[in-house]
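K.L.:
Just the structure for this:
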Amino acid sequence: MADQNVPPRRPRDDRGWDGRQHHTSDGYGDHNASAPYGYDSPHPYQGGHPAQADPREQYADGYVHAGQPAPAPRGPQWVGPEGLGRPAPSRPAGTGLPTLDDDDEPGRKVGRRRAIVALSGTAAVVAGGAALAMTPQFRGLFGDDAVADATGSTVTDGTAARPSGQQPSTVRTYTEQNESYMGSRAGEALKKNAPSGGRTFSGPATAAAETKVTVKTVLAKDPILHLARRATFGATPAVVADIKKLGIDGWIRAQLDPDKIEPSKAELKLAELPTQKLSVQQLRDQRDKLNEQGAQPEREMIDATLARQIWSKRQLFEVMVDFWNDFLHVAAEFDGGEVYRNSFDKDVVRAHALGSYPEMLVAANKHPALLIYLNQKDSRKDAINENLARENLELYSVGVDGGYKEPDVRQAAMLQTGRGVEDGKYVFKPEQHYVGKVKILGFTHANNSADPKKAEAAIDQYITYIALHPSTAKYVAQSLATRFVSDTPPKSLVDRLAKTYTTNNGLIKPVLMALFSSSEFWAAVGQKVRRPMEYLVSTYRVLGVSPDPSPKQDNGDNKRTPFARGLRQIYDKLRELGQYPMGQPTPDGYPDVYVAWTSAGTMVNGWNEAGEILAGYRTAFTYTAPEKLVAKPPATAGAYVDALAQRLVNQKLSAREKNLILGVAGLPASAKVDATFNGAITAVARAILASPQHHLR
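P.N.:
Now for the predicted structure:
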């Protein structure tokens, strides 16, 4: 019942806040638009846009999405430094970075375009050394020699009934779509190179010391770098130094206690995003004022999330927040997200990200955001809506293979009636609650009390039951292992993590400690490829971008600070790349395996954005000039490439890769260079950031 997987268009609720602004190119809203952000403004995807008269759209994933924002395009379209659709800044003739679409320059032995493609086109999609061929579309983009397509679908487990034998558009859940993508020839190549089994040690440091990395990979087999890549949004000199100072065990313990980690400068600057300080009631009360300001609370929440991913010192916590935002997914930009999604982020996801998953799921099922997103507020005993009951089982707990049947869904939907939203708050309405015995996946309850507290308690008992179900333990374990270890995590690890989850009643910290204490984690160097958001965030991190404004920053928008404008520009770029925090419109979250993201346009777009950052064209932030990335640049081109690679990807490149980088600059290794690499430093640094060493995590 695919139509039940997507929240249908809801009638206006009591808040009367049913519209969206007319968006301008920077995503903040057109203050001169005739329709206000309130009762009568048409939703741009509900017939308000002339190009979309039909409010129901068929998207590429095969679902019909009603009342949902269109998914971000996966193809390249220009987002200038001032936001979506704004023109690029003027640059002096002869300066700047040649785009990848430029023809090779005459006389250059290895053209920049061909060099960067040779370095990245196949190598950047290498996981663990298993070279995955480029798609035909990507090869055509550069006129490269033909190679076999590695992403075609094929049955890999002997039966077309499994998701691995199906197209991703025919499956529905988070784990199913991962399995479907891994059923390609590319997925098979990854599986062959993944570690197959292992054991748990007394602690992470011991596991790191006792584990030998045997998989093929281009990454340095340094456990400190491996931990920094996997447990953060990108290794930085500061993170590496902290791990060396505290030790592996000490650093992980500190990260698992994020409240004791001091906030970064950027986190303190989040006060410049005014709606993030407002409660649900304040957002409702101040909607007219916010309309006039063109404020968008749900987008400011995304901006704040990106700021934390880039600059927070609580990196493992932010990685887990992102994990849960895919696992227990509620889209940021749904009809109601502008009021309720920030509270869901704060009071559900962040409150429990390193705590108890059963408590998180119980809290989610009492939060207006989820109750509105999946239509539970409209479900009553005489008109039952199954959406939330189904997704609680299929997406948020036991999973599609967890053993439930259609009668379980119906019984759960009956039990969950009575929960709703009134005046912006969660309420339980006993007159709308079904009374009668229920049996759901082994859970039974008389559910015969007229006492509202007892009726509510019965629902909480059921939610806790499915959150602690053995199938949920396996589902959470599989998802965590996929996020932190490899796209094909060993069954041995998944089984041990599931046992830890069950033994500890769904507490997350013990599961993470078991994961970091496993040989499978430390053996999986190079087994994960960064998704588009992870690539861009890690690029900001490694380049040491500061949240302070550049002296050249433009004061064109005096309603927002440079910091707020800069975060929105990052958000715009990520929409263009197809992934941003809480951006998936459907409840299944983003896929977490490499082969789901093999888009030529996205990859090239990411490389070009790295060039924009290196050149400092986004003036809302302060950038380290590329010629200052290395404190004392060597005098020869070859040595300079070595030093720059060490600074950006924490290791030297292979001889072949180094020669390709030198080809980008058109210089031999022995050539004398100044700090600007004789004017090619931006191109050289961007090429290193297009290397597999930066794409892998």
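K.L.:
Mind pulling the model confidence for Leu567?
P.N.:
As predicted, Leu567 sits at a pLDDT of 96.
K.L.:
I'd like to know how many residues surround it.
P.N.:
29 (other Cβ atoms under 10 Å). Where C-beta positions appear, they are placed from N, C-alpha and C, glycine not excepted.
K.L.:
same deal with Lys552?
P.N.:
When neighbours are defined as other Cβ under 10 Å, Lys552 has 11 of them.
K.L.:
Where does pLDDT dip in the stretch 51-200 of the chain?
P.N.:
The stretch 51-200 of the chain contains residues with pLDDT under 70 at 51-196.
K.L.:
Same question for the chain.
P.N.:
Residue ranges of the chain with pLDDT under 70: 1-196, 554-558.
K.L.:
Name the residues that touch the helix or strand harbouring Lys454?
P.N.:
If you go by DSSP states H and E, Lys454 is part of helix 452-467. The contact list for helix 452-467 (Cβ atoms under 8 Å, 6 or more residues apart in numbering) reads 357-358, 361-362, 365, 392-393, 397-398, 412, 415-416, 418-419, 428, 430, 433, 435, 438, 440-443, 445, 447, 449, 472, 506.
K.L.:
do that again at 7 Å, thanks
P.N.:
357-358, 361-362, 365, 392-393, 397-398, 412, 415-416, 418, 428, 430, 433, 440-441, 443, 445, 447, 449, 472, 506 (Cβ atoms under 7 Å, 6 or more residues apart in numbering).
K.L.:
Give me the buried entries from the residues you listed.
P.N.:
357-358, 361-362, 365, 392-393, 397-398, 412, 415-416, 418, 428, 430, 433, 440-441, 443, 445, 447, 449, 472, 506 (16 or more other Cβ atoms under 10 Å).
K.L.:
mind listing the helices for the stretch 501-650 of the chain?
P.N.:
Secondary structure of the stretch 501-650 of the chain (DSSP state H, counting those that start in this stretch): helices located at 508-516, 519-523, 532-542, 562-577, 600-615, 637-649.
K.L.:
ok, and which of those has the densest surroundings?
P.N.:
Highest mean neighbour count among those (mean count of other Cβ atoms under 10 Å): helix 519-523, with a mean of 26.
K.L.:
For the residue lying closest to Trp597 once chain neighbours are set aside, give me phi and psi.
P.N.:
Nearest non-adjacent residue to Trp597, counting by Cβ to Cβ, 6 or more residues apart in numbering: Arg531, 5.3 Å away. When read as degrees, to the nearest 10, the backbone of Arg531 gives phi -80, psi 170.
K.L.:
gap between Arg531 and Gly203?
P.N.:
As judged by Cβ to Cβ, to the nearest Å, Arg531 and Gly203 stand 30 Å apart.
K.L.:
neighbour count winner among these two?
P.N.:
Just comparing Arg531 and Gly203: by other Cβ under 10 Å the higher neighbour count belongs to Arg531, 21 against 16.
K.L.:
so the residue of the chain lying at maximal distance from its centre, which of the three states?
P.N.:
Within the chain, Ala450 marks the point farthest from the mean C-alpha position, 43.6 Å out by Cα atoms, centre = their mean. The local conformation at Ala450, judged by DSSP: H, G, I helix; E, B strand; the rest coil, is coil.
K.L.:
so who does the closest residue to it other than its chain neighbours touch?
P.N.:
Spatial nearest neighbour of Ala450, chain neighbours left out: Pro430 (7.0 Å); criterion: Cβ to Cβ, 6+ apart. By Cβ under 7 Å, 6+ apart, Pro430 lies in contact with 418, 450, 452, 455.
K.L.:
can I get those in a markdown table with distance to Val664?
P.N.:
Formatted as a markdown table, the contacts of Pro430 follow (distance: Cβ to Cβ, whole Å):
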| residue | distance to Val664 |
| --- | --- |
| Gly418 | 64 |
| Ala450 | 75 |
| Pro452 | 68 |
| Ala455 | 67 |
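K.L.:
Show me the two of the residues you listed that sit farthest apart.
P.N.:
Gly418 and Ala450 (11.8 Å; Cβ to Cβ).
K.L.:
measure the closest residue to Gln646 other than its chain neighbours to Asp642 for me?
P.N.:
Setting aside the residues directly before and after it, Gln646 is nearest to Lys652 in space (Cβ to Cβ, 6+ apart), at 6.3 Å. According to Cβ to Cβ, Lys652 and Asp642 sit 5 Å apart.
K.L.:
now swap in Arg230 and tell me
P.N.:
For Arg230, the distance to Asp642 - Cβ to Cβ - is 25 Å.
K.L.:
Which SSE is immediately downstream of the longest helix seen in the chain?
P.N.:
The residue-count maximum for a helix in the chain (DSSP state H) belongs to helix 237-255. Per DSSP H and E, the first helix or strand lying C-terminal to helix 237-255 is helix 265-268.
K.L.:
quick revisit: looking at the contacts of helix 452-467, which are in helices?
P.N.:
357-358, 361-362, 392-393, 412, 415, 472.
K.L.:
Looking at the residues you listed, which is nearest Tyr617?
P.N.:
Among the ones in helices among the contacts of helix 452-467, and counting by Cβ to Cβ, the member closest to Tyr617 is Tyr357, at 42.3 Å.
K.L.:
ok, now how distant is the residue nearest to the closest one when sequence neighbours are not counted from Leu225?
P.N.:
Spatial nearest neighbour of Tyr357, chain neighbours left out: Gly506 (4.5 Å); criterion: Cβ to Cβ, 6+ apart. Gly506 sits 32 Å away from Leu225, taking Cβ to Cβ as the criterion.
K.L.:
And for Val339?
P.N.:
Distance, Val339 to Leu225, using Cβ to Cβ: 43 Å.
K.L.:
Equivalent analysis for Leu574, please.
P.N.:
In terms of Cβ to Cβ, Leu574 sits 25 Å off from Leu225.
K.L.:
now swap in Ala481 and tell me
P.N.:
Taking Cβ to Cβ, one finds Ala481 at 20 Å from Leu225.
K.L.:
Arg618 now?
P.N.:
For Arg618 relative to Leu225 (Cβ to Cβ), the value is 28 Å.
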